[in-house]
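Undergrad: I would like the atomic coordinates for the input below:
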Amino acid sequence: MFRFLLPPLLLILLTSCAIDPPAPYGPCPSDAQLRWQQMEMNMFCHFGPNTFSGLEWGEGTETEDIFNPTALDCNQWAAVSKAAGMKGIIITAKHHDGFCLWPNPASNHTVRESNWCEGNGDVLRQLSDACQRAGLKFGVYISPWDRNAPTYGTPEYNETFRRTLESALTGYGEIFEQWFDGANGEGPNGRRQEYDWTLFNNTVARLQPHAVVFSDVGPGCRWVGNEEGRSGETCWSRLNILGFEPGKAPAAELLNQGEPDGDVWLPVESDVSIRPGWFYHADQQPKTLQQLLEIYYTSVGRNSLLLLNVPPDTRGLIAPTDSLRLMELRAALDSIFAHDLAADAHVEASNSRGANYGAANVIDTHYHRYWAVADSCLSPSITLTFNHPVTFNRIMLQEYIPLGQRVAQFEVDVLLDNHWQLLAHATTIGYKRLLLTPITTTTALRVRFTHSLACPVINRIALYQDNILQ
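TA: Residues are numbered from 1 along each chain as shown. Presented below is the predicted three-dimensional model:
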């Protein structure tokens, strides 16, 4: 009888393959939510009658002919967005004034009734086509508040708004995000509407099943609680939403920070304008490069997606000053994150789940490779040692969120004069956490996970140097 012995290396590989990955912890992102978060930064375009009236909230009584861009070119919007590193564009297809940028059959207050393009214009068509040509995703903002619709404030209006959604969500290709504003008849004499959010959300799900729906409480993603592009120092992608709806949201602090025991996965979107206003005003200037970098760090760097509003002007073009500032931002981000100073590190961990989940996975750029530890290990540490001293002031960490968000607190040490010294500490990580530190030179860095709700699952640790914003 012959006995066949497996080579030791093959035995190890077969054994490691038998180790199960960590079980998902709590609510986890859908495939659409994960793809959405990986976009990281998108462009918002506020455009409509307010562009020409100088208002931020139109009255709904403006004549349709006020909308008259003289040189509309959505290909220019898309080119600027793509060059700036954005992955998608969301357009205010209908703001609170009720004017529709497409010939909405459910309304008589649209581009169809204007003299622009002799009533044959369609901004949604032009922008959706431009996005498709540029390889960008296309999304729509449609406010349910309508200061023009005669039925607003009555039960009949919900059916009108359903028809409006059906019109905007069909015929323009795939919609990656449906943006719902919770505004509702504000003002001392405003008509208020009992919105049928179940009807609205079901309509989106039926027509655009892969769209992420934004509102105060989702169901796809949530508002950050401010219009400054600032997510919480602590930011959970989970929230308890029972009893809430758009316009009747949890406290701003809860929206900003989320809840570790939230019953749904509801990641944060941070919306902010490049200018003081949301619509174009000729007397306003864009934020400085330093301000935009700070916004990036406090949004994308704190487990949020950044939605940066860049309003087209009265010609229907992105203004040169705004375009230039976006190119400066893109050049700065490319410079800062061009070279991961930890890419060649030697990595060791206090615990590892097995060969497939080894510590070295944290410097692997493949998203679906990660370091994981035993289920019972809630406070592991991981150490990166460098062949030569590295100088940095930015630390990036990422959790593998397809398995949930787990880390509640961690600390970062660096080796200085042969002693470990605390450099930084923070709470949550989520999809991405960027820590800003003093300029530091070291030969080793250690991350200690001091409080986790389940065994940490980390798919990236990287170091960078920012010479622009210090």
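Undergrad: Any regions of the stretch 101-250 of the chain where pLDDT drops low?
TA: Along the stretch 101-250 of the chain, segments meeting pLDDT under 70 span 187-189.
Undergrad: Against Arg222, how distant is the residue sitting nearest the centre point of the chain?
TA: Taking CA atoms, centre = their mean, the centroid of the chain lies closest to Leu305, which sits 1.8 Å from it. Distance of Leu305 to Arg222, given as CB to CB, to the nearest Å: 11 Å. All C-beta spots, glycine's among them, are computed from the backbone N, C-alpha and C.
Undergrad: ok, now Arg230?
TA: From Arg230 to Arg222 the distance is 14 Å (CB to CB).
Undergrad: Also Gly26?
TA: Separation of Gly26 from Arg222 (CB to CB): 16 Å.
Undergrad: Pro103 now?
TA: For Pro103, the distance to Arg222 (CB to CB) stands at 32 Å.
Undergrad: And these two? Which one has more around it.
TA: Each of Pro103 and Arg222 has its neighbours counted (other CB atoms under 10 Å); Arg222 has more, 27 against 17.
Undergrad: That one: which element?
TA: Using DSSP states H and E, Arg222 sits in strand 221-223.
Undergrad: got it, and Trp278?
TA: For Trp278, there is no helix or strand it lies in under DSSP H and E.
Undergrad: which non-adjacent residue is nearest it?
TA: Spatial nearest neighbour of Trp278, excluding adjacent residues (CB to CB, 6 or more residues apart in numbering): His46 at 4.4 Å.
Undergrad: Test my guess that that neighbour contacts Leu308.
TA: No - in this structure, His46 is not within contact of Leu308 by CB atoms under 8 Å, at 11.5 Å.
Undergrad: which residue ranges form the strands in the stretch 301-450 of the chain?
TA: Secondary structure of the stretch 301-450 of the chain by DSSP state E, counting those that start in this stretch: the strands cover 304-309, 346-349, 371-372, 381-399, 407-416, 419-426, 433-452.
Undergrad: Next, format those strands as a markdown table and append distance to Ala211.
TA: A markdown table is the format used below for the strands of the stretch 301-450 of the chain (distance: least, CB to CB, whole Å):
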| stretch | distance to Ala211 |
| --- | --- |
| strand 304-309 | 14 |
| strand 346-349 | 39 |
| strand 371-372 | 32 |
| strand 381-399 | 25 |
| strand 407-416 | 30 |
| strand 419-426 | 32 |
| strand 433-452 | 27 |
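Undergrad: In contact with the closest residue to Asp263 other than its chain neighbours, which residues?
TA: Nearest non-adjacent residue to Asp263, counting by CB to CB, 6+ apart: Asn240, 5.2 Å away. When contacts are counted by CB atoms under 8 Å, 6 or more residues apart in numbering, Asn240 touches Pro250, Glu259, Asp261, Gly262, Asp263, Val264.
Undergrad: What is the burial count for the closest residue to Gly119 other than its chain neighbours?
TA: Leaving out its chain neighbours, the residue that sits closest to Gly119 by CB to CB, 6+ apart is Arg112, at 5.3 Å. A count of nearby residues for Arg112, using other CB under 10 Å, gives 19.
Undergrad: my read: Arg112 touches Phe99, true?
TA: No - at 10.9 Å, Arg112 does not count as touching Phe99 under the criterion of CB under 8 Å.
Undergrad: Mutual contacts of His46 and Leu308, please.
TA: When contacts are counted by CB under 8 Å, 6+ apart, His46 and Leu308 have Ser273 as shared neighbours.
Undergrad: Show the contacting residues for Phe392.
TA: Here Phe392 is in contact with Leu341, Thr437, Ile439, Thr440, Leu463, Tyr464, Gln465 (criterion: CB under 8 Å, 6+ apart).
Undergrad: Going by neighbour count, list what's buried in the longest helix along the chain.
TA: Ranked by number of residues, the top helix in the chain under DSSP state H is helix 320-336. Neighbour counts over helix 320-336 (16 or more other CB atoms under 10 Å) mark Asp322, Ser323, Arg325, Leu326, Glu328, Leu329, Arg330, Ala332, Leu333, Ile336 as buried.
Undergrad: what's the answer for stretch 310-319, then?
TA: Buried residues in stretch 310-319, counted by 16+ other CB under 10 Å: Val310, Pro311, Pro312, Asp313, Thr314, Gly316, Leu317, Ile318, Ala319.
Undergrad: Kindly report the same for stretch 36-56.
TA: Using 16+ other CB under 10 Å as the test for burial, stretch 36-56 gives 36-37, 39-52, 55.
Undergrad: now that stretch: how far from the chain's centre is it?
TA: Here stretch 36-56 is found 15 Å from its chain centre; the criterion is CA atoms, centre = their mean, to the nearest Å.
Undergrad: follow-up on the earlier one: tell me the buried residues within the contacts of Asn240.
TA: Among the contacts of Asn240, those scoring as buried are Pro250, Gly262, Val264 (criterion: 16+ other CB under 10 Å).
Undergrad: wait, which of those is closest to Cys131?
TA: Val264 (29.1 Å; CB to CB).
Undergrad: Could I get the phi/psi values of that closest one?
TA: Phi and psi for Val264, reported as degrees, to the nearest 10, are phi -130, psi 160.
Undergrad: Name the nearest residue to it, sequence neighbours excluded.
TA: Distance criterion CB to CB, 6+ apart; nearest residue to Val264, sequence neighbours excluded, is Pro27 at 5.4 Å.
Undergrad: Hmm, the one you found is touching Leu239, no?
TA: No - using CB under 8 Å, Pro27 makes no contact with Leu239, being 9.4 Å away.
Undergrad: Among the two, which residue is more densely surrounded?
TA: Leu239 (26 against 16).
Undergrad: contacting residues around that one?
TA: For Leu239, the contacting residues are Val217, Gly218, Arg222, Pro250, Leu254, Leu255, Gly258, Glu259, Gly262, Asp263, Val264, Leu266, by CB under 8 Å, 6+ apart.
Undergrad: can you do 6 Å?
TA: Gly258, Glu259, Gly262, Leu266 (CB atoms under 6 Å, 6 or more residues apart in numbering).
Undergrad: Which two of those have the greatest separation?
TA: Across the contacts of Leu239, no pair lies farther apart than Glu259 and Leu266, at 9.6 Å, counting by CB to CB.
Undergrad: all strands of the stretch 151-300 of the chain, in order?
TA: Taking DSSP E, counting those that start in this stretch as the criterion, the stretch 151-300 of the chain carries its strands at 175-179, 212-215, 221-223, 238-239, 264-265, 268-273.
Undergrad: how far away is Met396 from Ile461?
TA: Met396 is 7 Å from Ile461, where distance means CB to CB.
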